[in-house]
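>>> Sequence and computational prediction follow.
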Amino acid sequence: MLTRRGLLRRIDVARIKDAIMAAERRTSAELRVSVAPFFWGNVEKTAWRAFERLAMHQTQDRNGVLFFVVPSRRSFVVLGDKGIHERVGQDFWQAVVREMEPHFRRGEFSEALIAGIAAAGEALAAHYPYDSPSDRNELPDEVDI
């Protein structure tokens, strides 16, 4: 079972935070990463609980995206709030997952997250462009562990 310290050794939080900040300079969407230790149960249901706990649904445009990762189970879920999902559809989420999967299978969790964040940020810029004067960072960029 991975402890918090063990998770921090497997996930490069500084690089992931930098990736989030870079993506959010292209889009007004809000991206977050949550890394969970091993647990029994459904990963997607737990990801939705994390989505709620992190207030991902409280952005003005309902444009929050959560990357939820369970390294010890080699499992991850990418969730988007209803505002984003209505604009991009299921194909968008599948494309982000495809971007992440090869890294994830090799245990390259940081690289998987960075690739997924970059892909999401680039694609979301078309739907939620960044507007420097009006954009504000509605959610923290720190990795939730």
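Okay, I see it. Numbering: from 1, shown residues only.
>>> Which parts of this protein are strands?
Here the chain has its strands, by DSSP state E, at 30-35, 64-70, 75-80.
>>> so the helix ranked longest in the chain versus strand 30-35, what angle?
For the chain, the helix with the greatest residue count under DSSP state H is helix 82-105. Per axes from the mean of the first three to the mean of the last three C-alpha atoms, to 10 degrees, the angle that helix 82-105 makes with strand 30-35 is 40 degrees.
>>> For residue 81, give me its contacts.
51, 56-57, 59, 62-65 (C-beta atoms under 8 Å, 6 or more residues apart in numbering). Where C-beta positions appear, they are placed from N, C-alpha and C, glycine not excepted.
>>> among these, which ones are buried?
51, 56, 59, 62-65 (16 or more other C-beta atoms under 10 Å).
>>> still on that earlier bit, just put the strands of the chain in JSON lines and tack on mean pLDDT and distance to residue 138.
Shown next, in JSON lines, are the strands of the chain (pLDDT from 0 to 100; distance: least, C-beta to C-beta, whole Å):
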{"stretch": "strand 30-35", "mean pLDDT": "96", "distance to residue 138": "5"}
{"stretch": "strand 64-70", "mean pLDDT": "95", "distance to residue 138": "8"}
{"stretch": "strand 75-80", "mean pLDDT": "93", "distance to residue 138": "15"}
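>>> just so I know, which of those lies nearest residue 106?
Closest approach to residue 106 among these (C-beta to C-beta): strand 75-80, 13.4 Å.
>>> and that closest one, which strands flank it?
Its sheet considered, strand 75-80 pairs with strand 64-70 (antiparallel) by DSSP bridges.
>>> For the strand it pairs with, give me every contacting residue.
11, 29-39, 43, 46-47, 50-51, 54, 56-58, 75-81, 84, 109, 112-113, 116-117, 120, 124, 139.
>>> how far away is the most centrally placed residue in the chain from residue 46?
Nearest to the mean C-alpha position of the chain, by C-alpha atoms, centre = their mean, lies residue 67 at 2.6 Å. Separation of residue 67 from residue 46 (C-beta to C-beta, to the nearest Å): 13 Å.
>>> again with residue 57
Taking C-beta to C-beta, one finds residue 57 at 16 Å from residue 46.
>>> Which of the contacts of residue 81 fall within helices?
residue 51.
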